[in-house]
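Undergrad: sharing a model prediction with you, sequence too.
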Amino acid sequence: MKDGKLEIGFIGLGQRGAAYGMTDGSIGLLGNVLKNSNDVIVTAICDRFQERLDAATQKIVEHGYPVPRQTKDYTEIMNSGVDAIIISTSWDMHVKVAIEGMKAGIPVAMEVGGTHSIEDCWKLVDCYEQTGTPIFFMENCCYNKDEALVTSLVRNGVLGDISFCQGYYCHDLREEIAGGIDTHHYRLKEYMEHNCENYPTHELGPIAKLLNITSGNRFTKVVSMSSKAQGMKHYIANNPKYSERLKDAEFKQGDVTTTMIQCENGETIFLKLDTTLPRLYERGLTASGTKGFYNQTTQSVILDNIDHESTKYKDMFFTQENYSEYLPDDWRTITPEQLKSGHGGMDYIMLKNFFHCLKNKKPLPIDVYDAVTWMCITALSEESIAKSSMPVDCPDFTRGKYKQRKTVDVFEFPKIVK
């Protein structure tokens with residue numbers, strides 16, 4: 001720590017890490033880390049490509065910080081004296097780099113994504129249990145305003161006992177996937193080689209927290225189905241930028257993948273991945289309980305005293321602001337400048353809270369058991385699809401500890417007495 005600030009090492013400086021090649025710089029983690037200037041300083045950076053290192057260095061210097069140490073070897077970051085590392089590499093490198101960081105005793109913040117390897121999940125858990133090094137899974141959607149609101153409503157009993165949740169990752173990524181031929185984006189390779197729920201945690205993470213998964217509850221079974229894969233072929237054939245260079249590309253990833261998850265306490269979860277067809281962005285978070293339900297798409301809280309057949313029911317759409325008193329302080333006090341930070345402010349809040357936990361030695365609210373339990377849905381869905389949508393058992397990565405573990409929410413939610 002230097003002058004009361006955590007010294008941070010960055011590993012991976014592409015689109016998510018440093019918004020390399022993006023017109024909207026707020027999407028990158030580096031820019032949001034630099035906005036937390038009261039808590040941190042970036043002293044070391046790593047990437048395979050020199051142009052990314054140079055661009056990140058320029059951004060750091062423009063924010064008034066010294067030139068950071070540059071390296072293309074991530075193991076050098078572990079020996080650079082940093083207090084924590086942020087991993088925003090391609091999906092297939094997350095676990096490998098995180099394990100090296102934990103073995104070196106350096107707290108780790110790891111970007112999201114699924115994994116195709118249950119074995120890697122166990123390696124991550126084993127490393128944490130052997131070293132005790134803190135690891136934080138950077139699922140920013142857990143810190144979003146909508147997800148914070150519905151979790152607070154559930155914690156306050158407004159929706160009653162929850163029976164069902166659903167979530168989507170619906171995002172037209174055709175340009176990003178095809179563009180990987182130029183930008184080195186890992187999604188191109190992923191979509192050519194795998195067919196699965198490849199990005200489950202944006203929708204699943206907040207649901208898992210809400211249902212106390214790994215803390216008194218657990219996933220037990222997964223069933224997945226995937227549609228035919230035609231979206232990328234159609235997009236490439238009709239896009240002169242890629243039609244010749246990618247004409248022979250074959251894609252395994254179905255256009256729409258749907259997944260059902262069974263929970264030990266009786267709840268079910270529905271997930272949808274829809275990223276290779278024309279559509280608007282949607283996460284579609286829904287929580288259905290005995291007293292009412294929340295729907296993110298219509299921005300609605302609909303309670304049991306509503307006449308469901310009348311026009312009043314439709315009048316309840318887009319009225320969730322009526323429940324703003326249930327929001328945590330971070331969302332009730334957020335500034336216009338912070339709202340302009342990555343993904344509408346949730347990146348800023350996530351990183352602020354991560355740094356606060358590190359500096360004050362508090363438990364990290366999204367820990368290794370959360371990380372692997374959410375990530376493994378990718379591997380389990382791939383297995384289910386390959387077995388003609390047969391159910392697949394979910395591992396208990398806590399080895400039974402989930403029965404005694406207490407839920408650590410990402411926010412301290414207000415207690416509302418009605």
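TA: Received it, and whenever you're ready, just let me know what you need.
Undergrad: break the chain down into its domains, please.
TA: Split into domains by automatic domain parsing, the chain comes to 6-139, 142-332+367-403.
Undergrad: ok now the first one, how far from the chain's centre?
TA: In this case it means domain 6-139. A distance of 15 Å separates the centroid of the chain from that of domain 6-139, by C-alpha atoms, centre = their mean, to the nearest Å.
Undergrad: could you give the average pLDDT over it?
TA: The predicted model gives domain 6-139 an average pLDDT of 92.
Undergrad: isn't Ser389 right up against Val222?
TA: No. Look at Ser389 against Val222 with C-beta atoms under 8 Å: they stay out of range, at 10.2 Å. (Each C-beta comes from the backbone N, C-alpha and C, glycine too.)
Undergrad: these two: which is more packed in?
TA: Per other C-beta atoms under 10 Å, whichever of Ser389 and Val222 has more neighbours is Val222, with 24 against 16.
Undergrad: quick check: the closest residue to that one other than its chain neighbours vs Thr373, distance?
TA: Leaving aside its sequence neighbours, Val222 sits nearest to Leu380 (C-beta to C-beta, 6 or more residues apart in numbering; 4.3 Å). For Leu380, the distance to Thr373 (C-beta to C-beta, to the nearest Å) stands at 11 Å.
Undergrad: so what's in contact with those two at the same time?
TA: Here Leu380 and Thr373 share the contacting residues Cys394, scored by C-beta atoms under 8 Å, 6 or more residues apart in numbering.
Undergrad: okay, strands next: where are they in the stretch 101-250 of the chain?
TA: Per DSSP state E, counting those that start in this stretch, the stretch 101-250 of the chain has strands spanning 108-110, 135-137, 162-170, 219-226. These are given in chain order.
Undergrad: which residues touch the spatially most central residue of the chain?
TA: The chain has Glu139 as the residue nearest its centroid, 3.1 Å off, counting by C-alpha atoms, centre = their mean. The contact partners of Glu139, taken as C-beta under 8 Å, 6+ apart, are Val112, Thr201, His202, Gly205, Pro206, Ile366, Trp374.
Undergrad: what's around the fourth one, how many residues?
TA: Here the number of neighbours of Gly205 (other C-beta under 10 Å) works out to 28.
Undergrad: was I right to think it contacts Met138?
TA: No. Counting by C-beta under 8 Å, Gly205 sits too far from Met138 to count as a contact (10.0 Å).
Undergrad: overlap in contacts, these two.
TA: Common neighbours of Gly205 and Met138 (C-beta under 8 Å, 6+ apart) are Val112, Ile366.
Undergrad: helix/strand/coil for the residue lying closest to Lys312 once chain neighbours are set aside?
TA: In this structure, Lys312 finds its nearest non-sequential neighbour in Ile306, 6.2 Å apart by C-beta to C-beta, 6+ apart. Assigned with DSSP: H, G, I helix; E, B strand; the rest coil, Ile306 falls in the coil class.
Undergrad: so His202 makes contact with Arg283?
TA: Yes. His202 lies in contact with Arg283 (C-beta under 8 Å); the separation is 6.3 Å.
Undergrad: which neighbours do the two share?
TA: Common contacts of His202 and Arg283 (C-beta under 8 Å, 6+ apart): Cys141, Gly167, Tyr169.
Undergrad: confidence score at the second one?
TA: Each residue has a pLDDT score; the one for Gly167 is 98.
Undergrad: surely it touches Gly284?
TA: Yes. In this structure Gly167 lies within contact range of Gly284 using C-beta under 8 Å: 6.0 Å.
Undergrad: the two: which is more packed in?
TA: Neighbour totals were compared for Gly167 and Gly284, and Gly167 leads with 27 against 18 (other C-beta under 10 Å).
Undergrad: distance between the ends of stretch 160-176?
TA: Start-to-end span of stretch 160-176 (C-alpha to C-alpha, to the nearest Å) is 41 Å.
Undergrad: can you pull out the helices in the stretch 251-400 of the chain?
TA: In the stretch 251-400 of the chain, the helices defined using DSSP state H, counting those that start in this stretch lie at 311-315, 329-332, 336-339, 346-359, 368-375, 377-386.
Undergrad: and of those, who's closest to Ser226?
TA: Closest of the helices of the stretch 251-400 of the chain to Ser226 is helix 377-386, at 5.1 Å (criterion: C-beta to C-beta).
Undergrad: by contact count, what packs against the closest one?
TA: helix 118-131, strand 219-226, strand 256-263, strand 392-393 (3 or more C-beta pairs under 8 Å, 6 or more residues apart in numbering; DSSP states H and E).
Undergrad: quick one on the thing from earlier: redo the shared contacts of His202 and Arg283 as CSV? Include distance to Leu351.
TA: Formatted as CSV, those follow (distance: C-beta to C-beta, whole Å):
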residue, distance to Leu351
Cys141, 14
Gly167, 23
Tyr169, 22
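Undergrad: low-confidence stretches in the stretch 151-300 of the chain?
TA: Within the stretch 151-300 of the chain, no range satisfies pLDDT under 70.
Undergrad: dump the residue contacts of the residue nearest to Ala19 when sequence neighbours are not counted.
TA: Distance criterion C-beta to C-beta, 6+ apart; nearest residue to Ala19, sequence neighbours excluded, is Gly28 at 3.0 Å. Gly28 is in contact with Gln15, Arg16, Gly17, Ala18, Ala19, Tyr20, Met22, Gly342, counting by C-beta under 8 Å, 6+ apart.
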